[in-house]
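Chemist: fold the stuff below for me.
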Amino acid sequence: MISGNNIVWQSWDGNDEEIYFWDGSTTTQITDNATYDGDPAISGSNVVWVAGGGSDSEIYLWDGSNTTQITDNAIEDREPAISGNNIVWMGNNGVDYEIYFTTVPEPATGALLGLGFLALLRRNNRNRCGK
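Modeler: Numbers count the residues shown, from 1 in each chain. Okay, the predicted model is just below:
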């Protein structure tokens, strides 16, 4: 898969499939475990993939430095796709396949939300103290 100058792929490491990322000059091995990692997709430097297999696989996101587990359930999640911060995948709930969607906030957005929450708490504490 390719996005701009970035490429992501899965490859056999001698034990199982792992996910690799190339930014035009450096190759980074994103995963290194004893679990199947496959079906990577990329948007910019954001990479999603499936880890596990069988009836309980999960979706993961790598943002260029950190890995985040997107799903944590008892169903088979598969075939992720990503566009910007939008992630979509299929999940088998035991009856049929459903389409799932989530938006991953940018780190700056999360920091601003956290600061807003702290400001709200501070304001509420001031109101309780009669200030």
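
Chemist: pretty sure Val47 contacts Ala41?
Modeler: Yes. With contacts counted by C-beta atoms under 8 Å, Val47 reaches Ala41, the gap being 7.2 Å. (C-beta placed from N, C-alpha, C; glycine too.)

Chemist: what is in contact with those two at once?
Modeler: Taking C-beta atoms under 8 Å, 6 or more residues apart in numbering as the contact criterion, the common neighbours of Val47 and Ala41 are Val8, Ile82.

Chemist: what about this structure, any weak spots by pLDDT?
Modeler: Scanning the chain for pLDDT under 70 picks out the ranges 54, 105-131.

Chemist: ok, back up a step: more neighbours, Val47 and Ala41?
Modeler: Neighbour tally, Val47 and Ala41, criterion other C-beta atoms under 10 Å: the higher count belongs to Val47, 27 against 20.

Chemist: next up, the contacts around the more buried one.
Modeler: Contacts of Val47 were listed using C-beta under 8 Å, 6+ apart, and they are Val8, Ile19, Phe21, Ile30, Pro40, Ala41, Leu61, Trp62, Ile82.

Chemist: now those residues: which count as buried?
Modeler: Val8, Ile19, Phe21, Ile30, Pro40, Ala41, Leu61, Trp62, Ile82 (16 or more other C-beta atoms under 10 Å).
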